[in-house]
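# Pasting a predicted model and its sequence here:
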Amino acid sequence: MDLIKYALPLVFAAMFVACGGDGEGARRTQISLVNTVIDAVVSGDSNEIRNLLQFTSLPCTDATGAGGDRPRCLGEPAGTNVEVFQANACEAGWLRAIDVAPLLDHVIALDSVVYAAFRSPEGFYLTGQYAVVFEGDDPRVDEPGLKRYMAVGIEGDFGEITGIALGCGIDEPVHFLLPHLNEDFDDWLIEPE
């Protein structure tokens, strides 16, 4: 009887570790750097996600208008290289390190699960060798059951996140995949369900 009393908790602990803990139930790929990002996003650990963000140095512009392929200058002369992270929401955009906290709050609020993962085709709007599309419920929206989608670009040796694209009031994941992926696309790591 004492053996069962002491052994049973160890068996449950071993099962928890073997199943992956926080990432339990997450759909997985055969590529560890993609799984690293999946685990971080599904776990909702903002520090873990932040540590995976890959900032890039780009020359800023003083051109008017939002979005674009270059970040806006914030007092620097036009053409000055600044460290930014690709963050799209309705249009292309760039965030500086001090501005990523609200983005991470949104990522965590979605309580995401994996919808699909694939090798990024040439011309895909997020940089990176791979992309994962996550699906989740946004508790900040007053429409129960409305799904929100987020795409994440991934590259590097350790699963660096090269960019995050949030839905723009669109609750269909196909908008994150098309027009970049057509029906002949066959480079799925995890096919959409």
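Received it, and whenever you're ready, just let me know what you need. Keep in mind that this is a model prediction, so the values were computed, not measured. Residues are numbered from 1 along each chain as shown.
# Flag the shaky bits of the protein, pLDDT-wise.
Per-residue confidence for the chain (pLDDT under 70) gives these ranges: 1-25, 65-67, 139-146, 168-172, 176-180.
# most centrally placed residue in it?
Averaging the C-alpha coordinates of the chain gives a centre point, and the residue nearest to it by C-alpha atoms, centre = their mean is Val152 (3.4 Å).
# check which helix or strand covers that one.
Taking DSSP states H and E as the definition, Val152 sits inside strand 147-155.
# quick one, what contacts Pro173?
Contacts of Pro173 were listed using C-beta atoms under 8 Å, 6 or more residues apart in numbering, and they are Tyr115, Ala116, Val133, Glu135, Tyr149, Pro192. No exception for glycine: its C-beta is placed from N, CA and C like everyone else's.
# among those, which ones are buried?
Neighbour-count burial (16 or more other C-beta atoms under 10 Å) applied to the contacts of Pro173 gives Tyr115, Ala116, Val133, Glu135, Tyr149.
# What separation is there between the fourth one and Arg96?
If I follow you right, that is Glu135. With distances taken as C-beta to C-beta, to the nearest Å, Glu135 is found 28 Å from Arg96.
# and if you look at the last one?
Distance, Tyr149 to Arg96, by C-beta to C-beta: 25 Å.
# quick one, helices of this structure?
Secondary structure of the chain (DSSP state H): helices located at 2-19, 32-43, 46-52, 101-109, 174-177.
# Burial check on the closest residue to Val37 other than its chain neighbours, number of neighbours?
Excluding the flanking residues, the one nearest Val37 by C-beta to C-beta, 6 or more residues apart in numbering is Gly159, at 4.7 Å. Neighbours of Gly159 under the rule other C-beta atoms under 10 Å: 21.
# Surely Gly159 and Asn51 touch.
No: using C-beta atoms under 8 Å, Gly159 and Asn51 do not qualify as a contacting pair, with a distance of 10.2 Å.
# any common contacting residues for the two?
When C-beta under 8 Å, 6+ apart defines a contact, no residue borders Gly159 and Asn51 alike.
# Tell me how many other residues crowd Thr61.
Residues near Thr61, counting by other C-beta under 10 Å, number 16.
# for Ile31, same thing?
When counting by other C-beta under 10 Å, one arrives at 17 neighbours for Ile31.
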